[in-house]
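> Sequence below, structure please.
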Amino acid sequence: MKKKLLLLNGSHSELTLIQKAMELGLEVITTGNAPDLIGHKLADRYIAADYTDRSAILKIAKQESIDFICSCANDGGAITASYVAHELGLPGHDDPEVCELIHLKDKFKKWALDQGLPTSPLFSPEESANHLPVIVKPTDLTGGKGISVVRSSSELKYAIELAKKASPSNSYIVEKFVEGTLHSFSTIVSRQTVVATHSDNEFSTINPFTVSASYSPAPHLKPIKSSLVELTESIAKNLKLEDGIVHYQYLWDGKQYWIIEITRRCSGDLYPAPASLAIQRSWEEAILLACMGQPLDFLSGAEQEGNFGRVCFMAHKNGEIKDFKIHPLLEKNVVETVFARPVGYSISNFKIEKLGVAILKFRDKQEAEEKAKFIDEWTQVVVD
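Sure thing, here's the model as predicted:
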């Protein structure tokens, strides 16, 4: 009989994970509370449940006698997966306390500052007026929801209320706002040693707090890569991390990097696709094997090469989708396109809804940088 994998969502972000799990001979069961997502149709079975509801997911895991559990591209999913794995003795996940430390912004920021990590300081609301500009975030959400940059003290109360309203736990943090370019540095660790890395440049075209396009590699990476690798291995040893992803999002101010967050789950919007092309190994397979407690020896010798990226289809307003378009100068760079929503779908929140993703390959660094100059025009969603 096939081994069973419970994957905690079925959006476009989990699509390649589902495909790779099936290639590995697993029976894939997806869950989540949005039954119309594209990944559920591909999976062997879908069972409706909120993947942040740990008790509900644990019940499903017991009923289905699952062999492995894998987080979706969401911090709440990572926390649930860790909890269920711990309760059932399944491999491939950190201790739940460690998982919460990493994925809940208030816990992570306090720990990171205590450890001397390069991250911006936290402030109480009372202190914030003396340290403007600041950024206010919900502690337990992803995708840029509920975030505000506060540049005057009169804006602070509204920003806090917005973050609290968005947060499932009604909690928030206030930290110093750092100016800089946005990047990711994603690693895979095996026995607390980094065995693969991938870096890129990230852009927010519709929503300033939601990444909608990227290309690789980060131009400033060479002098800081060894520092990031050493930091990753130090954290892995300190927190006794299991094998798998350690993913950073950071700001580069021209002199140093400032860590925004660390995650231990699949990054969204088909991030594994360009990463796989860049290292010529399957990023998805590494994620899945880690969740299965299997060795990651196939990554030996992996190095990031080439210039790859991705761009999301996002609309500029709510309404019914009439068409998807790619800029004519970008068409030859498209490796693959995945549409998460069909023509005719009604967009209700254009600032956060990702409607599809195109995977890109550029001839060289120069072509990537030239085309990044019109990155806001890479894709268009025609809305009625």
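> What sits closest to the residue nearest the centre of the chain if chain neighbours are left out?
Centre of the chain computed as the mean C-alpha position; nearest residue by Cα atoms, centre = their mean is Ser267, 2.8 Å away. In this structure, Ser267 finds its nearest non-sequential neighbour in His247, 5.6 Å apart by Cβ to Cβ, 6 or more residues apart in numbering. To be clear about C-beta, it is placed using only N, CA and C from the backbone, and glycine gets the same treatment.
> and the one you found, how many neighbours does it have?
A count of nearby residues for His247, using other Cβ atoms under 10 Å, gives 21.
> In contact with Glu369, which residues?
Contacts for Glu369 (Cβ atoms under 8 Å, 6 or more residues apart in numbering) come out as none.
> in what helix or strand does it lie?
Assessed by DSSP states H and E, Glu369 sits inside helix 365-372.
> Buried residues, the longest helix along the chain. List them.
If you go by DSSP state H, the chain has its longest helix at helix 221-239. By 16 or more other Cβ atoms under 10 Å, the buried positions in helix 221-239 come out as 221, 224-225, 228-229, 231-233, 235-236, 239.
> quick revisit: where's the residue nearest to Ser267 relative to Ser216, distance?
Relative to Ser216, His247 is positioned 14 Å away (Cβ to Cβ, to the nearest Å).
> repeat for Lys225
Counting by Cβ to Cβ, the gap between Lys225 and Ser216 amounts to 13 Å.
> list residues touching both of these two?
Ser199.
> give me the number of residues near the residue nearest to Ala166 when sequence neighbours are not counted?
The shortest distance from Ala166 to any non-neighbouring residue, by Cβ to Cβ, 6+ apart, is to Gly146 (2.8 Å). Neighbourhood size, Gly146 [other Cβ under 10 Å]: 21.
> ok so Gly146 is a strand residue?
No. Applying DSSP: H, G, I helix; E, B strand; the rest coil, one finds Gly146 to be coil, outside a strand.
> I figured it hits Ser169, correct?
No. In this structure, Gly146 is not within contact of Ser169 by Cβ atoms under 8 Å, at 11.8 Å.
> Phi, psi for Gly10 please.
Torsion angles at Gly10 (phi, psi; degrees, to the nearest 10) stand at phi -140, psi 40.
> Now the helix holding Glu369 - C-alpha only, CSV.
Extracted C-alpha coordinates of helix 365-372, given in CSV (Å, rounded to 0.1, in the frame of the first residue of the first chain):
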residue,chain,number,x,y,z
LYS,A,365,22.0,38.9,-15.4
GLN,A,366,21.9,41.8,-17.9
GLU,A,367,18.6,40.7,-19.5
ALA,A,368,17.0,40.1,-16.1
GLU,A,369,18.0,43.6,-14.9
GLU,A,370,16.9,45.2,-18.1
LYS,A,371,13.5,43.6,-17.9
ALA,A,372,13.1,44.3,-14.2
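> List the buried residues in it.
The neighbour-count check on helix 365-372 (16+ other Cβ under 10 Å) flags 368, 371-372 as buried.
> go on, stretch 374-384?
Buried residues in stretch 374-384 (16+ other Cβ under 10 Å): 375, 378-381, 383.
> Just the closest of the residues you listed to Leu37, please.
Among these, Val381 lies closest to Leu37 (Cβ to Cβ), at 18.1 Å.
> sec struct for that closest one, please.
The three-state assignment at Val381 reads strand, by three-state DSSP.
> pLDDT score for it?
Looking at Val381, its pLDDT stands at 98.
> who's it bridged to?
Phe324 (DSSP bridges).
> Show the contacting residues for it.
313-316, 321, 323-325, 347, 355.
> Next, work out how far apart it and Leu239 are.
Counting by Cβ to Cβ, the gap from Val381 to Leu239 is 41 Å.
> re earlier: would you turn the buried residues of helix 221-239 into a markdown table with pLDDT and distance to Trp111?
Converted to a markdown table, the buried residues of helix 221-239 look like this (pLDDT from 0 to 100; distance: Cβ to Cβ, whole Å):
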| residue | pLDDT | distance to Trp111 |
| --- | --- | --- |
| Leu221 | 94 | 25 |
| Ile224 | 96 | 21 |
| Lys225 | 97 | 23 |
| Leu228 | 97 | 18 |
| Val229 | 98 | 20 |
| Leu231 | 97 | 13 |
| Thr232 | 98 | 15 |
| Glu233 | 98 | 17 |
| Ile235 | 98 | 10 |
| Ala236 | 98 | 14 |
| Leu239 | 98 | 9 |
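> Same list, these, but as a markdown table with distance to His103 please.
Below are these laid out as a markdown table (distance: Cβ to Cβ, whole Å):
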| residue | distance to His103 |
| --- | --- |
| Leu221 | 25 |
| Ile224 | 24 |
| Lys225 | 24 |
| Leu228 | 19 |
| Val229 | 22 |
| Leu231 | 18 |
| Thr232 | 16 |
| Glu233 | 20 |
| Ile235 | 14 |
| Ala236 | 16 |
| Leu239 | 12 |
